[in-house]
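Novice: With the input below, show me the fold.
(chains A and B)
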Amino acid sequence: AQRVTQPEKLLSVFKGAPVELKCNYSYSGSPELFWYVQYSRQRLQLLLRHISRESIKGFTADLNKGETSFHLKKPFAQEEDSAMYYCALSGYSGAGSYQLTFGKGTKLSVIP
Amino acid sequence: GAVVSQHPSWVICKSGTSVKIECRSLDFQATTMFWYRQFPKQSLMLMATSNEGSKATYEQGVEKDKFLINHASLTLSTLTVTSAHPEDSSFYICSARDLSTGSYNEQFFGPGTRLTVL
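Specialist: Take a look at the predicted model:
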């Protein structure tokens, strides 16, 4: 079974401070991991995925297979980063199908 | 990017009635769509995988007779909540894969439908 754990429900940081949103996963195969973000009153949207190794809006995330982690980081938080962040794992669910398993989400609040 | 729409955005219905929610991929074809349910302040829970031209695959614990899914075309999947009860009140979200992006596993999400059953 695949599982995604986000240990923090809420994370509050001051503007300009570093941010790290934690994500750990459990999956027997080779996972594909994503971070999705949901701004207030908006739909869920993809922030970044591990295979792209890109930085989006200043955020980066590195897959650490040894620690089974995919933490999301940003060196300097901005007020507009306040949102709900979901870590997700895409894994094989059988019968030729892949599905996304979401963590419970972390609400990031950036204090001005 | 790929756009997914849902209709309606919100619906209020009486207990015992049925409600249909539509999910459309606006600028791409989606052979596979997904239906999620999200309770307040909780994560998204996958309900079922909708495959164009074939039966949907339901997750464990989801009643297929309660939540009817039809994916008759490459751009439309519908979720019908039959004989709705107050405990069915929730936020229903659909997503779709756009295989033309090159990422098999990336999903694009609709804005969600808020269902309230009185």
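
Novice: Need the nearest residue in space to residue B:38, chain neighbours excluded.
Specialist: residue B:91 (4.4 Å; Cβ to Cβ, 6 or more residues apart in numbering or on different chains). Heads up, the C-betas are built off the backbone N, CA and C, glycines and all.

Novice: so how many other residues sit close to residue 81?
Specialist: All of this is about chain A. 20 (other Cβ atoms under 10 Å in any protein chain shown).

Novice: Correction: the question concerned chain B.
Specialist: 23.

Novice: what sits against it?
Specialist: B:18, B:19, B:20, B:21, B:66, B:67, B:88, B:115 (Cβ atoms under 8 Å, 6 or more residues apart in numbering or on different chains).

Novice: which residue sits closest to residue A:43 in space, ignoring its chain neighbours?
Specialist: Using Cβ to Cβ, 6+ apart, the closest residue to residue A:43 is residue B:111 (4.4 Å).

Novice: which residues are contacting stretch A:42-57?
Specialist: A:32-38, A:59-63, A:70, A:72, A:74, A:81, A:85-86, B:44, B:93, B:95, B:103, B:106-112.

Novice: where does chain B come near chain A, residue by residue?
Specialist: B:32, B:34, B:42-46, B:49, B:57, B:93, B:95, B:103-112 (Cβ under 8 Å from any Cβ of the partner chain).

Novice: Now list the buried members of those residues.
Specialist: Buried residues within the residues of chain B next to chain A, counting neighbours by 16 or more other Cβ atoms under 10 Å in any protein chain shown: B:32, B:34, B:43-46, B:49, B:57, B:93, B:95, B:103, B:105-110, B:112.
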